[in-house]
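Enquirer: build me a model:
(chains A and B)
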Protein chains: 2
Amino acid sequence: MTTQAPNTDATPATPEAAAPPTRFAMVLFNGFQALDVFGPIDTLNLLSRILSRRSPSSPGLSLALLAATLDPVTTAAPDAQQTTEQKVLPTHTFATAPAALDVVLIPGGQGTRTRATIQPAVDFIRRRFPDVRLVLTICTGVVVVARAGLLNGERATTNKSKFGWVVEAASEGSPDAVWVERARWVEGDKIWSASGVSAGMDAMLEMVAKLYGRDVAEEIATTQEYARHTDSTDDPFWEVHHANK
Amino acid sequence: MTTQAPNTDATPATPEAAAPPTRFAMVLFNGFQALDVFGPIDTLNLLSRILSRRSPSSPGLSLALLAATLDPVTTAAPDAQQTTEQKVLPTHTFATAPAALDVVLIPGGQGTRTRATIQPAVDFIRRRFPDVRLVLTICTGVVVVARAGLLNGERATTNKSKFGWVVEAASEGSPDAVWVERARWVEGDKIWSASGVSAGMDAMLEMVAKLYGRDVAEEIATTQEYARHTDSTDDPFWEVHHANK
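Expert: The predicted structure is shown next:
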């Protein structure tokens, strides 16, 4: 395990040459963080409307919600001291996921603390990684790709207040990950990783900007009235957590 | 209908004298905006953990998810050109909602454009309003309380890009609402209204700050890595929409 701070590299400027991806999936497990999932999904819902408006006859954007079974998935973690919960219906299991997926999103949350809870997601991403174009992890969701052995030699970041735990947990499958302590998000060739919770919205919007154009991302953020971070190195919560140490 | 801009009043500084509310409900209808619902809910989930940690033996915070029936509720609007959807399970119907509710949250979204879609929510809030302590509307969700006749003489705001439509739709039940064009959110005595989508997160965090203390709101926002707006008059999207006119 190597750490690297601050995030000094330039953002890759290469535009995507291929057609923009339209087949998205969000991984779910019990104890997912609500905003990790529904922040980026809100962007995809709005992107879906924009694409449908532009090309009413095209199949448009698809978003599969994947889980170990088709049972409702709850935001309450297995061991959480949390008296609220919300349940979301998956559209597919990991076994019946659509054969073609362009982008897979992986949220964090208390559920990542329990090995058995995320193991089906770890197995899924390990199996499907060669065939997908991009993966975006949000918050502690990076542990899923790390345990799948996909982060060796790769730069990644995560939630600032859970950094130590994530690095430790990730060392199991990806001991040679390169951790970027100060980053709102990190763009790898194939794996993007966002910092904590709402950073997932910034990474998702930036991915939309890169794949569909800055005007599309701006239209979505304006509709959301979301003052997005457009600089991946602008990480105010790195400051907060270092000040609190 | 009166409009008022900018939002010039001072934030009410009166601390809540009573015990903080713990019985929350979120209204759902088909075509709700994902982030309107799960932004504020993410805050309530984290608040729930904080309360459980502080007082493990207390019943803690409760959050009911209310809809017309117990069928899953979708983010896809009845008439939306949207090819993605997510389905959430309600915990109660409007008819079986918990008898005691302190705070009711009402999201916006494409569903508010269809009268029949929100009518059960309108009837619910009209019936229960006298007994609740606070209502928070998010985005176009303010139309629900307006149609229930609850906004006459009250100051309120909404999504900046939908302002004209909201004022028109709201005139039916609340022709004497006082619309504040430039506000991230507006705090009334009993009805708080947030501007568009992510403004709901700011209003929710401010409500938590007022009711549970600024330290609690800061802890939650830091966990979410959310750079929240703490000034209700700081409304960057009012600028954007006026610049685009």
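
Enquirer: quick one, helices of chain A?
Expert: Under the criterion DSSP state H, chain A contains helices at A:34-54, A:115-128, A:142-147, A:163-170, A:199-212, A:214-223, A:236-244.

Enquirer: does the residue nearest the centre of chain A have beta-bridge partners, and which?
Expert: Nearest to the mean C-alpha position of chain A, by Cα atoms, centre = their mean, lies residue A:137 at 2.8 Å. As for beta bridges, residue A:137 partners with residue A:106, residue A:193 under DSSP bridges.

Enquirer: residue contacts, it?
Expert: A:105-106, A:108, A:144-145, A:156, A:158, A:191-194 (Cβ atoms under 8 Å, 6 or more residues apart in numbering or on different chains). In this view, the C-beta of every residue, glycine as well, is placed from N, C-alpha and C.

Enquirer: can you rerun that using 10 Å?
Expert: Applying Cβ atoms under 10 Å, 6 or more residues apart in numbering or on different chains to residue A:137 gives the contacts A:27, A:36, A:104-108, A:125, A:143-146, A:150-151, A:156-158, A:185-186, A:191-194, A:200, A:203.

Enquirer: give me phi/psi at the spatially most distant residue from the centre of chain A?
Expert: In chain A, the residue that sits farthest from the middle, by Cα atoms, centre = their mean, is residue A:57; the gap is 29.4 Å. Main-chain dihedrals, residue A:57, degrees, to the nearest 10: phi -90, psi -10.

Enquirer: gap between it and residue A:51?
Expert: 11 Å (Cβ to Cβ, to the nearest Å).

Enquirer: same question for residue A:228.
Expert: Noted for residue A:228: a distance of 20 Å to residue A:51, by Cβ to Cβ.

Enquirer: how close does the closest residue to residue A:146 other than its chain neighbours sit to chain B?
Expert: Once flanking residues are discounted, residue A:146 sits nearest to residue A:170: 3.3 Å by Cβ to Cβ, 6 or more residues apart in numbering or on different chains. Remark: distance between residue A:170 and chain B (Cβ to the nearest Cβ, to the nearest Å) = 19 Å.

Enquirer: what residues are up against residue A:170?
Expert: By Cβ under 10 Å, 6+ apart, residue A:170 lies in contact with A:1, A:140, A:142-147, A:151, A:156, A:158, A:177, A:179.

Enquirer: equivalent analysis for residue A:156, please.
Expert: A:137, A:142, A:145-146, A:150, A:166-167, A:170, A:174, A:177-180, A:183, A:185-186, A:188, A:191-194.

Enquirer: give me the nearest residue to it, chain neighbours excluded.
Expert: Once flanking residues are discounted, residue A:156 sits nearest to residue A:193: 4.2 Å by Cβ to Cβ, 6+ apart.

Enquirer: ok, the one you found touching residue A:142?
Expert: Yes - between residue A:193 and residue A:142 there is a contact under Cβ atoms under 10 Å: 4.8 Å.

Enquirer: find residues that contact each of those two.
Expert: What both residue A:193 and residue A:142 touch, as defined by Cβ under 10 Å, 6+ apart, is the set A:106, A:135-136, A:151, A:154, A:156-158, A:166, A:177, A:179, A:186.

Enquirer: what would those look like in a markdown table with distance to residue B:218?
Expert: Output for these, formatted as a markdown table (distance: Cβ to Cβ, whole Å):
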| residue | distance to residue B:218 |
| --- | --- |
| A:106 | 28 |
| A:135 | 32 |
| A:136 | 27 |
| A:151 | 32 |
| A:154 | 33 |
| A:156 | 27 |
| A:157 | 22 |
| A:158 | 21 |
| A:166 | 22 |
| A:177 | 31 |
| A:179 | 26 |
| A:186 | 26 |
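
Enquirer: can you tell me which of the residues you listed has the most neighbours?
Expert: Among these, residue A:106 has the most neighbours (other Cβ atoms under 10 Å in any protein chain shown), with 34 neighbours.
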